[in-house]
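Asks: Need coordinates for the below:
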Amino acid sequence: MRKRIFLSNIIVFIVIIFSKPYSYKLFLAGILFIIIGELIRLISSSCIRKNKELSTNGPYAICRNPLYLGTFFIALGIMIQITSADLIRNILLWAFIIISFSYIYYKTIKSEEKFLSEKFGEVFKNYIESVPCLIPKLSSLKEIFIIENYSYESFLKNKEWRGLVGIIIIEIIIDIKLIKDL
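Replies: Predicted coordinates:
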């Protein structure tokens, strides 16, 4: 699932094309979820050292896939924003995104877990047993506030800023559609 980002972007743009957003209240409500999701992704990207060490601190002490948890919140926010007055359209778009993202991220997580299991062996097995996949382990929430868990260099190397730029573009498109359809 190396192309998950590309596929996810295509899916989001298809959903936006077929959407008919109708409410600024829903647009603003969606922004809250998008901000939460993007914050999760930004802080997660600053403490992961891909292919070098198993990330188990910061957000990775709360769930094994905080980047994908952040993506879930972002997708939820976008879906709230593009909710239309047409129930059938809503059902079809929600079903499309839920099925598509579930498939993409299920396959991605399984593939990554296989790789990490081969690379880190028993350490990864112990990590899986103590940290949930996506549902946050709130008892470990204090890990987020340990500054030493984060690295500006990792943040830059992981290029999460590109996702932020993508979110801004998506928000502009949804806002234009909302204005046009009012």
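
Asks: where does this protein have its least confident helix or strand?
Replies: helix 152-158 (a mean of 80; mean pLDDT, DSSP states H and E).

Asks: and after that one, which helix or strand comes next?
Replies: helix 161-181 (DSSP states H and E).

Asks: helices or strands next to that next one in the packing?
Replies: Contacts defined by 3 or more Cβ pairs under 8 Å, 6 or more residues apart in numbering; DSSP states H and E place helix 161-181 against helix 4-17, helix 24-45, helix 66-81. C-betas here are computed from N, CA, C, even on glycine.

Asks: same question for that helix, mean pLDDT?
Replies: Helix 161-181 carries an average pLDDT of 89.

Asks: buried ones in that helix?
Replies: Gly163, Gly166, Ile167, Ile170, Glu171, Ile173, Ile174, Lys177, Leu178 (16 or more other Cβ atoms under 10 Å).

Asks: in this structure, which segments are predicted with low confidence?
Replies: Scanning the chain for pLDDT under 70 picks out the ranges 1-2, 181-182.

Asks: re earlier: among the helices and strands packed on helix 161-181, show me which one is buried the most.
Replies: Highest mean neighbour count among these (mean count of other Cβ atoms under 10 Å): helix 66-81, with a mean of 22.

Asks: quick revisit: quick check, nearest of the buried residues of helix 161-181 to Glu113?
Replies: Sorting the buried residues of helix 161-181 by how near they are to Glu113, with Cβ to Cβ, puts Gly163 at the top with 22.3 Å.

Asks: Cheers, nothing more for now.
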